[in-house]
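Engineer: Okay, here's the prediction I keep looking at, along with the sequence it came from:
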2 protein chains.
Amino acid sequence: MITQGRRSPPDTRMRLVLTAMQLFWEKGYGSTSVADVLKAARVNSGSLYHFFPGKQDLLLAVLDLYLGGIREMLLEPAWHGVEDPVERIFALLARYRRSLTDTECTYGCPIGSLALELHEPDLPVRERLAANFTAWIAAIEGCLEDAADRLPADCNRRELAAFVLTTMEGGVMQARTYRRIESFDGAVHQLRAYFDRLLREARPDSGPQAGSTHHRRKQQR
Amino acid sequence: MITQGRRSPPDTRMRLVLTAMQLFWEKGYGSTSVADVLKAARVNSGSLYHFFPGKQDLLLAVLDLYLGGIREMLLEPAWHGVEDPVERIFALLARYRRSLTDTECTYGCPIGSLALELHEPDLPVRERLAANFTAWIAAIEGCLEDAADRLPADCNRRELAAFVLTTMEGGVMQARTYRRIESFDGAVHQLRAYFDRLLREARPDSGPQAGSTHHRRKQQR
DNA sequence: AGTTGAGTTGACTGATCGCTCAAGTCGGTC
DNA sequence: GACCGACTTGAGCGATCAGTCAACTCAACT
């Protein structure tokens, strides 16, 4: 029987996680069988269950890897050469756009796909999905804080940051469904229009924000 | 005598579709087995395969039922007693909010969940998902056309209508992930802030114009 | 009364699912 | 060289999957 040399301990484990990350992104969690992962990673089933109690723990490892890599795998590449905090927000969205165009609008945000695929996920899974969202939102919120003096004083930055995520995820969903990048572009275009108005408001022609609102009346209904 | 009279209503088919609609909403398509549907509908497998070639065709029937029921099952209940076209948009969003709160933020938009769950859906499935989105967007676009004179002249109403869907789907996704309705409310709040600014812009010089809210839109599809 | 066929029944199939485990194979340590 | 234990191997487990099928029921029509 032909046997190959043993691999260094973390090798097999990491290859399993990376392979699972790729397959979960392409096919989803439910549609990816353990056999798929084993075949793609060239690992036997016993080895997988030596490192992971079960399939779900493989998912947890994938989600942890996403969370740990948000900064250097996602934000830093997207923000390279972009200093303006507002433009950084749209540079991040442009990165997701690239992910769509590179795959003919079939693969978008892996976290969002998993979040909607798993209808009743166990607590540890949902915690990690939420942690990924929270870290993403926090990054955007950081941009908004950097641009705080260009935004209205009463701007709820955390809520606005979450709204950027909302736009990205909703735009990705439509682009994937229609297989047309224009759906994603339209969502980003509307978000840009919203930001333009927020930024325009915050620099009134004279001095700092005066009082509460410089709008005369509430909207008619 | 007309021989066309079908025999007693074979409600088996409809019961299967309605049962599948419920289960796909609760558990997703992939996690719902044919046996689940059969058990819940109290139907034997042979009967199912008498009406449907396979599981996917059951999904197609569900999606067709959603599409056909958009007006009377979704829009009309949401818009009952609401005349203002802009408020109708937010009334529709409020209906999805109710769907979340009624289920402790576990079930949101069934179309959106399916759209992200099915990573490489066959053409007929994707066509029907897209058709549902398109009909939803068209309904919102109708509202925007009714309120056209209150919106900026250069407003891309179709794109803005799609952005409302983007907000709803993205908001639902976050609310489900966090199990907190505040995530959905935050997204709607930001959309409202955007609309406030659009509506404010379109009134360079106010003054109640006669019959401005009396504008009837053309028949929507 | 006889014929027809849409609709129903439920045991059954082969494939695939996540997962187990006894039997190894090594490098490290003494 | 002996031993230990982390890691690997792959056949195989029971459960479940979507789907099949021959036999059956029974109302409608001749």
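Structural biologist: Thanks, I have it. Predicted, not measured: the structure shown is a model, and the values here were computed from it.

Engineer: so does the helix ranked longest in chain A get close to chain B?
Structural biologist: In chain A, assigned by DSSP state H, the helix with the most residues is helix A:123-146. Yes. Judged by Cβ under 8 Å from any Cβ of the partner chain, helix A:123-146 and chain B are in contact via A:126, A:129, A:130, A:133. All C-beta atoms are positioned from the backbone trio N, CA, C, and that covers glycine.

Engineer: Against DNA strand C, how distant is the second one?
Structural biologist: I take that to be residue A:129. Residue A:129 sits at a distance of 19 Å from DNA strand C (criterion: Cβ to the nearest atom of the strand, to the nearest Å).

Engineer: list the contacts for that residue?
Structural biologist: A:63, A:111, A:114, A:115, A:118, A:121, B:177 (Cβ atoms under 8 Å, 6 or more residues apart in numbering or on different chains).

Engineer: Going by distance to DNA strand C, which of those residues wins?
Structural biologist: Of all those, residue A:118 has the smallest distance to DNA strand C: 13.3 Å, by Cβ to the nearest atom of the strand.

Engineer: For burial, what's the neighbour tally of that closest one?
Structural biologist: Counted with other Cβ atoms under 10 Å in any protein chain shown, the neighbours of residue A:118 add up to 22.

Engineer: what do you get for residue A:126?
Structural biologist: Residue A:126 has 18 nearby residues by other Cβ under 10 Å.

Engineer: Which residues are in contact with it?
Structural biologist: A:118, B:177, B:179.

Engineer: any idea which of the contacts of residue A:129 is least confident?
Structural biologist: On pLDDT alone, residue A:121 ranks lowest of the contacts of residue A:129, at 86.

Engineer: Now do the contacts for that residue.
Structural biologist: If a contact means Cβ under 8 Å, 6+ apart, then residue A:121 has residue A:129 as its contacts.

Engineer: Assign a three-state SS to it, would you?
Structural biologist: Of the three states, residue A:121 takes coil under DSSP: H, G, I helix; E, B strand; the rest coil.

Engineer: So which bits of the host helix or strand of residue A:22 are buried?
Structural biologist: Remark: residue A:22 resides in helix A:9-27, with elements defined by DSSP states H and E. For helix A:9-27, the buried set under the neighbour-count rule, 16 or more other Cβ atoms under 10 Å in any protein chain shown, comprises A:12-13, A:15-17, A:19-26.

Engineer: Tabulate these in a markdown table, adding columns for distance to residue B:98.
Structural biologist: Listed next are the buried residues of helix A:9-27 as a markdown table, based on distance: Cβ to Cβ, whole Å:
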| residue | distance to residue B:98 |
| --- | --- |
| A:12 | 49 |
| A:13 | 45 |
| A:15 | 46 |
| A:16 | 43 |
| A:17 | 40 |
| A:19 | 42 |
| A:20 | 37 |
| A:21 | 36 |
| A:22 | 38 |
| A:23 | 37 |
| A:24 | 32 |
| A:25 | 33 |
| A:26 | 35 |
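
Engineer: filter those by proximity to DNA strand D?
Structural biologist: Contacts with DNA strand D within the buried residues of helix A:9-27, counted by Cβ under 7 Å from any atom of the strand: residue A:12.

Engineer: Which entry within the buried residues of helix A:9-27 corresponds to the minimum pLDDT?
Structural biologist: Ranked by pLDDT, the buried residues of helix A:9-27 bottom out at residue A:12, which has 89.

Engineer: the helices in chain A, which residues?
Structural biologist: Along chain A, counting by DSSP H, helices occupy A:9-27, A:34-41, A:45-51, A:55-68, A:76-79, A:85-102, A:110-117, A:123-146, A:157-178, A:181-201.

Engineer: what does the model give the residue of chain A found nearest DNA strand D for pLDDT?
Structural biologist: Closest contact between chain A and DNA strand D, by Cβ to the nearest atom of the strand, is at residue A:46 (2.2 Å). For residue A:46, the model assigns a pLDDT of 91.

Engineer: separation between it and residue A:34?
Structural biologist: Plainly put, residue A:46 is 12 Å away from residue A:34 if you go by Cβ to Cβ, to the nearest Å.

Engineer: Likewise for residue A:63?
Structural biologist: Taking Cβ to Cβ, one finds residue A:63 at 17 Å from residue A:34.

Engineer: And for residue A:73?
Structural biologist: Taken as Cβ to Cβ, the span from residue A:73 to residue A:34 is 25 Å.
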